[in-house]
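Student: Attaching a predicted model along with its sequence, questions to come.
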Amino acid sequence: MVARRNNRPPVPRVATVEGLDGKGRAVVTVDGRELSAHGGLPGEQVVIELRGGRRPRPERVTRVLTPSAERVVPRCPHFVVCGGCSLMHQAPEAQLALKQQRLLDQLAAADVIPERVLEPLPSPSWHYRRRARLGARLVTAKGRVLVGFRERGNSYVADMATCHVLIEKVARLIEPLGRLIGRLTLSQRLPQVEVSAGDDMAVLVLRTLDPPTDSDLVALHAFADEYDVTLCLQPGGEQSIVGLDGGPPPDLTYALPEFDVEFTFGPSDFIQVNGPLNRRLVSTAVAWLEPQPTEMVLVLFCGIGNFPLPLARRAGRVIGLEGSASLVTRAEANAERNGVGNAIFAARDLYSDDPGPLVEPGTTVHRVLLDPPRTGVGRALAPLAALGARRIAYVSCNPITLASDAAELVRDHGYRLVTAGVVDMFPHTAHAEALALFEVT
């Protein structure tokens, strides 16, 4: 039996926005049900569209009856449909306040209250994003290939002419990229474009499901020359990325001038998305830890060396542990490149059921920096705390797991939460990152 498609027209309802959920959507109550819809701000009276049958779902806010003082006109004309941003209709300072309060609420729910609240670390509002994954799709009805973020709430590629959060060099390539892909023989077999940019170069990695023809390669080379951008091909997993000539992909670089270090990284290596804010983040974390020339610092989830190398400029010795062997290799190369001889790196599965000792027995660890993924530190937290480091700086991309780890450090391991605050790594989105400092009691 074939289910009938529900073709009922949308039903408009008036509601008051009670707050924003974790995705930046307006939370409203309709007929006793809590619903979320994009486009509203706290305190506003809005009209939302409901679609469906017995349990209708909200589509979006179609009209604002009483606008909030926090409401601004979105700079991007694609904001209504593009899923790349969710808060561009809210003033930047209000976005920061929302993220800060959400962090403090998460900590309070875990029964952890910072002694001092760090003023949020703000970011440039526009053209800050140097890493992104864009979709590409030939849309027959439009007669062209679309390149951009996914539409909000579905897998379609948004019809974009530009982007106000991608770095400018890439933002202006949205439409030219679509025209390029549309001319290729594999235009229907190229679903994704990965953006990776350093201080002086941008690389676009094209996910190709079929190999390019000779005529495709001619077009790709011409595009790269015209727009001063490097194109790579990815026929399989991340390890399959190659240049147009079939050789290895180029290295990119970014610098942290305060610490006289410059990093190399590959197009698929993890780096912080927001270059200007990363400089402030590293500077703040190093200042908080205050490593001395006679002290040892341990860094967990050290990546390509973003935190260990600046710390090594101040400390006597740094040990960096990382789950990815390829990132460890990159960190070692970056240390050598910068003449840093007092930092060593090792690959370690920090999420193992038994992480084992993090350092050699008898090693004194004075300071620790944690930079885990969204899942938090996990089982490594207990052996880490047992090292008795005087200070721990925690860089978090998920306030929920930060709050959980903070509760364990305070409740079970004799630490106090000295300060915490948000880091606005992704302006105009609901995503919040945070920085926290713990000291042993």
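Tutor: Received, thanks.
Student: Checking the closest residue to Asp424 other than its chain neighbours next. Helix, strand or coil?
Tutor: Residue nearest to Asp424 in three dimensions, not counting chain neighbours: Ser123, with 4.6 Å by C-beta to C-beta, 6 or more residues apart in numbering. Every residue, glycine included, has its C-beta placed from N, CA and C. The local conformation at Ser123, judged by DSSP: H, G, I helix; E, B strand; the rest coil, is coil.
Student: ok, now how distant is Ser123 from Glu70?
Tutor: 18 Å (C-beta to C-beta, to the nearest Å).
Student: Please apply the same query to Tyr227.
Tutor: 38 Å.
Student: What segments of the stretch 1-150 of the chain are strands?
Tutor: In the stretch 1-150 of the chain, the strands defined using DSSP state E, counting those that start in this stretch lie at 11-16, 19-20, 26-30, 33-37, 45-51, 57-66, 116-117, 131-139, 144-148.
Student: lowest-confidence stretch among the ones you listed?
Tutor: Among those, strand 57-66 carries the lowest mean pLDDT, at a mean of 85.
Student: Would you mind getting the angle between that strand and strand 26-30?
Tutor: Counting by axes from the mean of the first three to the mean of the last three C-alpha atoms, to 10 degrees, strand 57-66 lies at 100 degrees to strand 26-30.
Student: Which elements pack onto strand 57-66?
Tutor: Using 3 or more C-beta pairs under 8 Å, 6 or more residues apart in numbering; DSSP states H and E, the elements in contact with strand 57-66 are strand 26-30, strand 33-37, strand 45-51.
Student: one more time with 6 Å
Tutor: strand 33-37, strand 45-51 (3 or more C-beta pairs under 6 Å, 6 or more residues apart in numbering; DSSP states H and E).
Student: tilt between the first one and strand 26-30?
Tutor: Going back to what we said before, that points to strand 33-37. 150 degrees.
Student: ok, strand 33-37: who's next to it in the sheet?
Tutor: strand 26-30 (antiparallel) (DSSP bridges).
Student: Please point out which parts of the strand it pairs with sit buried.
Tutor: 26-28, 30 (16 or more other C-beta atoms under 10 Å).
Student: in this structure, which spans are helices?
Tutor: 92-109, 168-171, 174-183, 214-227, 275-289, 308-312, 325-337, 381-385, 399-412 (DSSP state H).
Student: Quickly compare these and say which is most buried.
Tutor: Burial of the helices of the chain is given as mean neighbour count (mean count of other C-beta atoms under 10 Å); helix 308-312 ranks first at a mean of 27.
Student: which other helices and strands contact that one?
Tutor: helix 275-289, strand 317-322.
Student: wait, which of the helices and strands packed on strand 57-66 is closest to Ser215?
Tutor: strand 45-51 (45.5 Å; C-beta to C-beta).
Student: List the neighbours of the closest one that are in contact with it.
Tutor: Applying C-beta atoms under 6 Å, 6 or more residues apart in numbering, the contact partners of strand 45-51 are 10-16, 37, 40, 56, 58-59, 61-66.
Student: buried stuff in that strand?
Tutor: For strand 45-51, by 16+ other C-beta under 10 Å, it's 45-46, 48-50.
Student: got the CA coordinates for that strand in PDB?
Tutor: Extracted C-alpha coordinates of strand 45-51, given in PDB (Å, rounded to 0.1, in the frame of the first residue of the first chain):
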ATOM      1  CA  GLN A  45       5.600  37.400  18.800                       C
ATOM      2  CA  VAL A  46       5.800  35.600  15.400                       C
ATOM      3  CA  VAL A  47       3.700  33.800  12.900                       C
ATOM      4  CA  ILE A  48       4.900  30.300  12.100                       C
ATOM      5  CA  GLU A  49       3.800  27.800   9.400                       C
ATOM      6  CA  LEU A  50       2.700  24.400  10.500                       C
ATOM      7  CA  ARG A  51       2.600  21.500   8.100                       C
END
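Student: for Val299, what are its contacts?
Tutor: 307-308, 320, 369.
Student: Mark which of these are buried, thanks.
Tutor: Buried among these (16+ other C-beta under 10 Å): 307-308, 320, 369.
Student: how about the residues you listed in a markdown table, adding pLDDT?
Tutor: Formatted as a markdown table, the buried ones among the contacts of Val299 follow (pLDDT from 0 to 100):
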| residue | pLDDT |
| --- | --- |
| Phe307 | 98 |
| Pro308 | 98 |
| Gly320 | 98 |
| Leu369 | 98 |
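Student: Identify the farthest-apart pair in those.
Tutor: Distances among the buried ones among the contacts of Val299 were taken as C-beta to C-beta; the most separated pair is Gly320 and Leu369, at 9.2 Å.
Student: nearest to Asn334, of the strands of the stretch 1-150 of the chain?
Tutor: strand 131-139 (17.8 Å).
Student: Mind listing what's buried along that closest one?
Tutor: 131-132, 134-138.
Student: Which strands and helices lie in contact with that strand?
Tutor: Using 3+ C-beta pairs under 6 Å, 6+ apart: strand 131-139 touches strand 144-148, strand 192-197.
Student: can you dump the C-alpha coordinates of stretch 243-263 into CSV?
Tutor: Taking Å, rounded to 0.1, in the frame of the first residue of the first chain, the C-alpha atoms of stretch 243-263 are listed here in CSV:
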residue,chain,number,x,y,z
GLY,A,243,47.1,17.4,-7.1
LEU,A,244,45.9,17.8,-10.7
ASP,A,245,49.2,16.4,-11.8
GLY,A,246,48.6,13.2,-9.7
GLY,A,247,51.3,14.2,-7.2
PRO,A,248,50.8,14.8,-3.5
PRO,A,249,48.7,17.7,-2.4
PRO,A,250,50.5,20.9,-1.4
ASP,A,251,51.2,22.0,2.1
LEU,A,252,49.5,25.1,3.5
THR,A,253,50.8,27.3,6.2
TYR,A,254,49.6,29.6,9.0
ALA,A,255,51.7,31.6,11.5
LEU,A,256,51.4,32.6,15.2
PRO,A,257,53.7,35.6,15.2
GLU,A,258,53.5,36.1,18.9
PHE,A,259,55.4,32.9,19.4
ASP,A,260,57.5,33.0,16.2
VAL,A,261,56.1,29.7,14.9
GLU,A,262,54.7,28.8,11.4
PHE,A,263,52.7,25.6,10.9
